[in-house]
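1. Can you look at this prediction? I've put the sequence above it.
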Amino acid sequence: MGSRILGLVREQVFSSFFGASFANVAFQIAFRIPNLLRDLFAEGALSAAFVATFSQTLAKGGEREAWRLANLVNNGLIIVLSVIALLGIIFSPEIVALLIRDVQIAPARAQLMTELAVKMTRILFPFLLMVSLAAVAMGVLNTKGRFGVPASASTMFNVGSIVGGLACAYLLAPEYITSTAVSLFNHRSTARDDLGASTAIIGMAAGTLIGGMLQWLVQIPSLRAVGYRWRPIVSFRDAGVRQVMRMMTPAIIGSAALQVNFVITMAFATGLAEGAVVWLNNAQRLIYLPIGIFGVAISTATLPVTSRAAAMENLDEFRRTLASSLRLTLLLTIPSAVGLIILSRPIITLIYQYGRFTASDSEQTAMALACYAIGLAAFSIVRVLAPSFYALRDTRIPMMASLFSIVINYAVSKFTVDYLKIGHIGLALSISAVSIVNFAILFFFMRRKLDGIEGPRLLSTFAKVTLASTAMGAVCWLVSHQIENNLGLDRLFARLVNVGASIAVGVVVFYLVARLLKVDEITQLTGAVGRRFGARFRRS
């Protein structure tokens, strides 16, 4: 939660200082490919394949063999990803060209945007190596039962990106940063400054690289504490390394659907209005808040357990753990999706509408957020289901599902943009539709593989949570509508009251209706939270 909230702060900084300008668009383009590879490695193929193999090695071969595997994977990554980063730096112009589709701005500005994107892509490619090493560290610590430090490591990424980015931006363009900061403090809008923005944004790219380094370094003391010691050994023929590589190859495709689809979306978005890429990115960041808090967190905690169960061929425990994780994901993400749809405009206005980010930008971003939210539960469940296939050493099904979803996304994106002419709204809807299809395929085959996933209980939870979320959504809309009619959305106080009161009342309504409907997971969740805080209170 801390990481995702700081991630929002990071996007607030970008929006406030650069708005939906071409400089911000250039950064989003430059960051997309390293970030795509980051998600594939840090939260996808590498993480899933390594945790599954490391858990099996630890269970069957002991710590000595497990530490040897960790060193071999780490050192192999350094070699392979250094080469990839070097190639990325060399071929940055060609990579950027793939992400730009008929930019609808003046030719001179389009040329400057492209040059800026190429420059920042070259700065950001080494970021891939840093966060991939952090992913291995996270996998080791999670398997050893340490979740706090690796979970908070991404917080350090955001801290480095914000503090380091603004510091570097100030060194490069002090007048631009100072004037924007003063306008923010005085709640005034600022005039467009293309030259200042294009210089300052390079500092933000440098800060992102600093953040990636911090995400890795912060985990090193904990790695030493659990017994890991670095050794200069390399072997691509080791059985464990080969297993990780075998699992990763199709798993990269299996985990890639969402990120590749975002790349397709960006390519289409560059052919729309100048700010479309930024509107979609800001909405995507808010969607990643519940995905990161709930989907990734549940997946991270589930994978070591399911990997051990699979290694011991205990399918009953595997089924129970997975079914429980899916029910918990539904409980947390369905109300989140309804809340984001109903409160999209007040939330976007509260978070982003400052400095160089205008009311029109907020309106466009809010529409994208509501469309993304339709697929939120599917986004999160895929995060749980895909690694579960890897734990069973089945990477073929996620790979095929992802390939199918990528084809669908391209077709739907082209249809909504080129034929329906609904612009970035259609692109957001396309991502949601693709995620739902991806979920349906993975769920169908996992159900067949396990001979059921406690279907009746899962369906009951879905129905009850949806009903409770609908009641919550109706109350949230009523509260928000009344507050907006009386206070408006122009002042910060009114925005805080609108969002805060609506969410608070909505949470209470959801909890009460869920308890009335006897949703078992809400009782388990509140009980677990109560025990945890009760134990801390007693210790203090």
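-> Thanks, I have it.
2. what residue ranges in the chain score low on pLDDT?
-> 1, 39-45, 101-106, 187-194, 250-259, 528-540 (pLDDT under 70).
3. Show me the residue at the heart of it, geometrically.
-> The residue lying closest to the centre of the chain (CA atoms, centre = their mean) is residue 288, at 4.4 Å.
4. name the helices or strands packed onto the helix or strand harbouring that one?
-> Using DSSP states H and E, residue 288 maps to helix 276-290. Secondary-structure packing of helix 276-290 (3 or more CB pairs under 8 Å, 6 or more residues apart in numbering; DSSP states H and E): helix 2-18, helix 22-42, helix 239-269, helix 315-342, helix 344-352, helix 359-373, helix 376-391, helix 423-450. All C-beta spots, glycine's among them, are computed from the backbone N, C-alpha and C.
5. ok, 6 Å please
-> Here helix 276-290 touches helix 2-18, helix 22-42, helix 239-269, helix 359-373, helix 423-450, going by 3 or more CB pairs under 6 Å, 6 or more residues apart in numbering; DSSP states H and E.
6. Output the ones you listed as TSV; include the columns mean neighbour count.
-> What follows is the helices and strands packed on helix 276-290, written out as TSV (neighbours: other CB atoms under 10 Å):
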stretch	mean neighbour count
helix 2-18	21
helix 22-42	25
helix 239-269	22
helix 359-373	22
helix 423-450	21
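7. can you redo those helices as CSV with distance to residue 226?
-> Listed next are the helices and strands packed on helix 276-290 as CSV, based on distance: least, CB to CB, whole Å:
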stretch, distance to residue 226
helix 2-18, 21
helix 22-42, 19
helix 239-269, 18
helix 359-373, 38
helix 423-450, 31
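8. I'd like to know which of these is closest to residue 198.
-> helix 22-42 (4.8 Å; CB to CB).
9. Figure out how far the next helix or strand after the closest one is from the centre of its chain.
-> Following helix 22-42 in sequence order, the next helix or strand is helix 45-61 (DSSP H and E). In terms of CA atoms, centre = their mean, to the nearest Å, the gap separating the centre of helix 45-61 from the centre of its chain is 23 Å.
10. Could you check how far the residue nearest to the centre of the chain is from residue 167?
-> To residue 167, residue 288 is 25 Å away according to CB to CB, to the nearest Å.
11. where's residue 372 relative to residue 403, distance?
-> 22 Å.
12. Ok, residue 409 next?
-> Counting by CB to CB - residue 409 and residue 403 are separated by 11 Å.
13. Neighbour count: the two, which is higher?
-> Neighbours per residue (other CB atoms under 10 Å) separate residue 409 from residue 403, with residue 409 holding more: 27 against 15.
14. what ranges do the helices span in the stretch 401-540 of the chain?
-> For the stretch 401-540 of the chain, the helices defined by DSSP state H, counting those that start in this stretch cover 423-450, 455-487, 492-516, 520-539.
15. Am I right that residue 375 is in contact with residue 435?
-> Yes. Contact criterion CB atoms under 6 Å: residue 375 and residue 435 qualify, at 4.0 Å.
16. thinking again about what came up before, got a list of what the residue nearest to the centre of the chain touches?
-> If you count contacts by CB atoms under 6 Å, 6 or more residues apart in numbering, residue 288 has none.
17. same check, this time on residue 330
-> With CB under 6 Å, 6+ apart, residue 330 has these contacts: 461-462, 465.
18. which of those lies closest to residue 9?
-> residue 465 (29.7 Å).
19. Excluding chain neighbours, what is closest to that closest one?
-> Nearest residue to residue 465, sequence neighbours excluded (CB to CB, 6 or more residues apart in numbering): residue 334, at 4.9 Å.
20. Please apply the same query to residue 201.
-> residue 23 (4.4 Å).
21. From residue 17, how far out is that neighbour?
-> Distance from residue 23 to residue 17, by CB to CB: 10 Å.
22. I'd like the distance between residue 111 and residue 431.
-> When residue 111 is compared with residue 431 (using CB to CB), they lie 29 Å apart.
23. And residue 416, by the same measure?
-> To residue 431, residue 416 is 11 Å away according to CB to CB.
24. Same question for residue 455.
-> For residue 455, the distance to residue 431 - CB to CB - is 27 Å.
25. hmm, back to that, quick check on the contacts of residue 330: which are buried?
-> 461-462, 465 (16 or more other CB atoms under 10 Å).
26. hang on, residue 318 packs against residue 308?
-> No. In this structure residue 318 lies outside contact range of residue 308 using CB under 6 Å: 9.2 Å.
27. more crowded one of those two?
-> For residue 318 versus residue 308, neighbours defined as other CB under 10 Å are more numerous around residue 318 (24 against 20).
28. Quick check: the gap between the residue lying closest to the more buried one once chain neighbours are set aside and residue 315.
-> In space, residue 318 comes closest to residue 309 once its chain neighbours are excluded; the distance is 4.1 Å by CB to CB, 6+ apart. Between residue 309 and residue 315 the distance is 7 Å, computed by CB to CB.
29. which one of these two has more residues nearby?
-> residue 309 (21 against 14).
30. how about the more buried one, secondary structure?
-> helix (DSSP: H, G, I helix; E, B strand; the rest coil).
31. my guess is it contacts residue 317, does it?
-> Yes. If you go by CB under 6 Å, residue 309 and residue 317 touch, sitting 4.2 Å apart.
32. I'd like the distance between residue 91 and residue 428.
-> Taken as CB to CB, the span from residue 91 to residue 428 is 30 Å.
33. thought residue 519 was touching residue 466?
-> No. Using CB under 6 Å, residue 519 is not in contact with residue 466, being 10.7 Å away.
34. what's around residue 123, how many residues?
-> Neighbour tally, residue 123, other CB under 10 Å: 20.
35. Distance-wise, check it relative to residue 172.
-> 12 Å.
36. got it, and residue 472?
-> Distance of residue 472 to residue 172, computed by CB to CB: 46 Å.
37. Which of those two has more residues huddled nearby?
-> residue 472 (27 against 17).
38. How about the contacts made by the residue lying closest to the more buried one once chain neighbours are set aside?
-> Spatial nearest neighbour of residue 472, excluding adjacent residues (CB to CB, 6+ apart): residue 510 at 4.1 Å. Residue 510 is in contact with 335, 468, 472, counting by CB under 6 Å, 6+ apart.
39. could you redo the last one with a cut-off of 10 Å?
-> Shown in contact with residue 510 (CB atoms under 10 Å, 6 or more residues apart in numbering): 331, 334-335, 338-339, 465, 468-473, 475-476, 519, 522.
40. same question, residue 477
-> Contacts of residue 477 by CB under 10 Å, 6+ apart are 338, 341-343, 502, 506.
41. circling back: give me the common contacts of residue 416 and residue 431.
-> Joint contacts of residue 416 and residue 431 (CB under 10 Å, 6+ apart) do not exist.
42. what's the spacing between stretch 82-94 and its chain's center?
-> So, by CA atoms, centre = their mean, the centroid of stretch 82-94 is 24 Å from its chain's centroid.
43. Also stretch 473-482?
-> Chain-centre distance of stretch 473-482: 28 Å, with CA atoms, centre = their mean.
44. If you count neighbours, what's buried in that stretch?
-> Quick answer for stretch 473-482 (16+ other CB under 10 Å): 473, 475-477, 479-480.
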